[in-house]
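[1] mind looking at a prediction? Sequence and model below.
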Amino acid sequence: MKQYTIGERIETLLVLRNMTQAELAKLSGVPVTTIATLRAKGVNPSFLTVCKLAKALDVTVCYLGTGKEDTKKAAI
C-alpha cells in the first residue's frame, strides 16, 4: 500500500476544494513558496505549519500528517 506524503495529501485536498496554493497560503498564513516546496519535494514541514495547513484545509492534523482519520481538529 502506497504511503502518500503530506505534499500529495495537500495536492489532493486542493483539488477537492477547488482551491489554489495562493488561496491556501492566504487562509493558512503559510507562504506559497513553502506550500509549493511541500507539494514538489515532499519535505516534512514543522508541526506548526501542519497545524495551520490542516485548519485552513478543514482536516485534522492527524489526517494531514498520516492520512489517517482522527476526530480532533487543529485548535490553532
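    Nice, thanks for sending it over. Residues are numbered from 1 along each chain as shown.
[2] what residues are up against residue 25?
    31, 32, 35 (C-beta atoms under 8 Å, 6 or more residues apart in numbering). Every C-beta, even on glycine, is put in place using the N, C-alpha and C of the backbone.
[3] residues near the second one, how many?
    This points to residue 32. 15 (other C-beta atoms under 10 Å).
[4] same question, the first one
    Around residue 31 sit 12 other residues, with neighbours defined as other C-beta under 10 Å.
[5] distance of it relative to residue 37?
    For residue 31, the distance to residue 37 (C-beta to C-beta, to the nearest Å) stands at 9 Å.
[6] check residue 45 too.
    For residue 45 relative to residue 37 (C-beta to C-beta), the value is 9 Å.
[7] who has more neighbours out of those two?
    The neighbour comparison of residue 45 against residue 37 (other C-beta under 10 Å) goes to residue 45, with 20 against 14.
[8] the residue lying closest to that one once chain neighbours are set aside: what secondary structure?
    Once flanking residues are discounted, residue 45 sits nearest to residue 38: 5.9 Å by C-beta to C-beta, 6 or more residues apart in numbering. State at residue 38, reduced to three classes by DSSP: H, G, I helix; E, B strand; the rest coil: helix.
[9] any stretches of the chain with poor pLDDT?
    The chain contains residues with pLDDT under 70 at 1, 70-76.
[10] which residues in it form helices?
    Using DSSP state H, the helices found in the chain span residues 6-16, 21-28, 32-41, 47-57, 61-66.
[11] winner for burial among those helices?
    helix 47-57 (a mean of 20; mean count of other C-beta atoms under 10 Å).
[12] quick check on residue 44: phi, psi?
    The phi/psi pair for residue 44 (degrees, to the nearest 10) reads phi -90, psi 120.
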